[in-house]
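Peer 1: predicted model, plus sequence, below.
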Amino acid sequence: MSLAIRALGVAAALGLAASTLPASAQQFISIGTGGPTGVYFVVGNSVCRMVHKEAAEGRSSGRQHGIRCAAPSTAGSTYNIGQICGGELDFGVAQSDWQFHAVNGSKPDRVGACPDLRAVFSVHPEPYQIIAAEGSGIQSWNDLEGKRFNIGNPGSGQRGTTEELMEGHGWTTDKFALATELTSTEQSTALCDGNIDAYGYTVGVPNAGVSVATDGCNAYIVDLGDDPAATKLVEENDYYAFTTIPAGTYFTTDEDVTTFGVMATFVSHASVSDDVVYEVTRAVFENLDDFKALHPAFRNLDPATMIIDALSAPLHPGAERYYKEQGWM
Ligand code: GLU
């Protein structure tokens, strides 16, 4: 008898729920994230850490599984959704606005239609932030006219959300003196080096990438609380909400800053097996305190909201199985 079968027998004899994926059945999964200085990269790698922790420890011999996980840096939300849809990635992190549009096929020029995208859970809030250089004079969206603005790399969530704002204001890139397509890793250095005047970034708070600009060269976050295009986006779409970045968050955040934002969500595909999604979901929620300790943006994570909020795609049945087992649904 193989070790795994014997272990399952012991688990059954003890009345324990046996893992659906015995350690002998090794399976490799990949999670799409974002730039290496963003929060998505930490989300993906924290999920992998919990998956490996569960695999190593097991709850009992019967709870060990054979999933091995990698979470490489990627271009971001819409790239991740596209790769999940094409079967190149098993999971990914994506903004709630792009999850919605992928499932509904409602913005095909920004994210491809992906009706089989599945929600697993939501993670941290992500305010959309315009970070402006010290002395740039930028206090509102309209002040970006004639400025050098980083609209973000193709495939990133902020690129799409910036385009939504531009559309809301009736702008094209012609309004900027220069519209760059730098990645989240490049943009703060470009700002501090004087090569751009501002950038738009949808990201959890606080994070290392933004602090390079705020704490490093006195860049600041522009208040969008009165912005008419942001107001319209929030009024018309459930996946956008106004939010506050509290005073003291960064070196230059002297007062609360209001802007609109989305939620980061963890997604997968209908064709990824229920057992794999179950084990990944279980690994995160069984170790949620450890998970939350891995980034300050995770501090308010709560299962009650994570399994409902900002999920417009149908829940993956593997995740649902775990939530039902816990009596959360
Ligand atoms: N929200 C960004 C995106 O969708 C990524 C932010 C991050 O890396 O934490 O591409």
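Peer 2: Yep, that arrived. Numbering: from 1, shown residues only.

Peer 1: ok, then the element right after the helix or strand hosting residue 283?
Peer 2: For residue 283, the enclosing helix or strand under DSSP states H and E is helix 274-286. Helices and strands here follow DSSP H and E; after helix 274-286, the next one along the chain is helix 288-292.

Peer 1: residues in contact with that next one: which ones?
Peer 2: Applying Cβ atoms under 8 Å, 6 or more residues apart in numbering, the external contacts of helix 288-292 come out as 46, 47, 50, 53, 284, 298, 299, 301, 303. C-beta coordinates here come from the backbone N, C-alpha and C atoms, glycine included.

Peer 1: buried members of those into ChimeraX, please.
Peer 2: In ChimeraX syntax, the buried subset of the contacts of helix 288-292 is picked out as below (16 or more other Cβ atoms under 10 Å):
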select :46,47,50,284,298,301
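
Peer 1: and the contacts of helix 288-292, which two are the farthest apart?
Peer 2: 53 and 299 (20.2 Å; Cβ to Cβ).

Peer 1: how about the helix holding residue 283: buried residues?
Peer 2: Neighbour-count burial for helix 274-286, with 16+ other Cβ under 10 Å as criterion, is recorded at 275, 276, 277, 278, 279, 280, 281, 282, 283, 284, 285, 286.

Peer 1: and stretch 55-75, by the same measure?
Peer 2: For stretch 55-75, the neighbour count (16+ other Cβ under 10 Å) marks 55, 61-67, 69, 71, 73-75 as buried.

Peer 1: tell me the one of these nearest residue 326?
Peer 2: So of the buried residues of stretch 55-75, ranked by how close each gets to residue 326 (Cβ to Cβ), first place is residue 63, at 15.2 Å.

Peer 1: that closest one and residue 53 touch, don't they?
Peer 2: No - the criterion here is Cβ atoms under 8 Å, and residue 63 misses it with residue 53 at 11.8 Å.

Peer 1: what secondary structure does residue 111 sit in?
Peer 2: When classified by DSSP: H, G, I helix; E, B strand; the rest coil, residue 111 comes out as coil.

Peer 1: okay, now it: neighbour count?
Peer 2: For residue 111, the count of nearby residues is 29 (other Cβ atoms under 10 Å).

Peer 1: one more: the one 5 residues further on?
Peer 2: Residues lying near residue 116 (other Cβ under 10 Å) number 16.

Peer 1: that one against residue 272, yeah?
Peer 2: No - the pair residue 116 / residue 272 is not scored as a contact, 9.8 Å apart, by Cβ under 8 Å.

Peer 1: out of the buried residues of stretch 55-75, which is nearest to the ligand?
Peer 2: residue 75 (7.1 Å; Cβ to the nearest ligand atom).

Peer 1: touching, the closest one and residue 155? I think so.
Peer 2: Yes - applying Cβ under 8 Å as the test, residue 75 and residue 155 come out as touching, 3.0 Å apart.

Peer 1: what does this protein put close to the ligand?
Peer 2: Neighbours of the ligand within the chain, by Cβ under 6 Å from any ligand atom: 34-35, 38-40, 76-77, 95, 126, 156-158, 184, 202-204.

Peer 1: mind doing that once more with 5 Å?
Peer 2: Within the chain, the positions adjacent to the ligand are 34, 38, 39, 40, 76, 77, 95, 156, 157, 202, 203 by Cβ under 5 Å from any ligand atom.

Peer 1: hey, where'd the helices end up in the stretch 1-150 of the chain?
Peer 2: Here the stretch 1-150 of the chain has its helices, by DSSP state H, counting those that start in this stretch, at 3-13, 40-57, 77-85, 96-104.
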